[in-house]
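Asker: make a model of this:
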Amino acid sequence: MTTRNALAGVAVGNLDAAICWYAKLLGRQPDLQPMKEVAEWEFSGGGWIQVFQDSGRAGASSVTLVETDVEARIADLEAKGITVKATSRSDTVALAIVADPDGNQIVFAQGKAPSHRAVT
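Answerer: Numbers count the residues shown, from 1 in each chain. A predicted model of the protein is given here:
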């Protein structure tokens with residue numbers, strides 16, 4: 001038995017509203033909607049985000065997305081009207097953090113050092 005990939009789950013209060021927001025964030029509609037309360041986006045380097053309706057847990061999720069260019073991502077977010085809550089830059093990593101309408105944290109990370117797992 002081998003684990004082949006990871007799927008990050010993000011709990012939201014209103015799936016239809018979340019699909020609109022995540023489609024804007026990611027620049028495309030979900031790749032799959034395997035159930036009426038779930039929407040999924042797949043990434044070319046591996047991994048998925050699964051947005052699912054769960055009002056009791058909405059706003060308590062956090063997911064990190066690996067970026068090739070955080071500065072370009074920040075410009076893209078600002079152009080889309082998505083507020084960047086925080087940024088951080090060091091010799092090893094650059095980060096930009098946003099929150100979805102439920103308050104879930106989405107972190108965009110670009111590794112700078114060869115030893116960093118987020119180097120693309």
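
Asker: for the rest of this, base every contact and every neighbour count on C-alpha atoms.
Answerer: Will do.

Asker: quick one, helices of this protein?
Answerer: If you assign secondary structure with DSSP state H, the helices in the chain sit at 15-26, 70-79.

Asker: would you mark the buried spots in the first one?
Answerer: Neighbour-count burial for helix 15-26 flags 15, 18, 19, 21, 22, 25 (criterion: 16 or more other CA atoms under 10 Å).

Asker: farthest-apart pair in these, please.
Answerer: Taking CA to CA as the measure, these span a maximum distance of 14.7 Å, between 15 and 25.

Asker: look at the nearest residue to residue 14 once chain neighbours are set aside and say how many residues are nearby.
Answerer: On the basis of CA to CA, 6 or more residues apart in numbering, the spatially nearest residue to residue 14 that is not a chain neighbour turns out to be residue 53, at 6.1 Å. Taking other CA atoms under 10 Å as the criterion, the count of residues near residue 53 is 19.

Asker: mind listing the strands for the protein?
Answerer: 7-12, 32-35, 38-42, 48-53, 62-66, 86-89, 93-99, 105-111 (DSSP state E).
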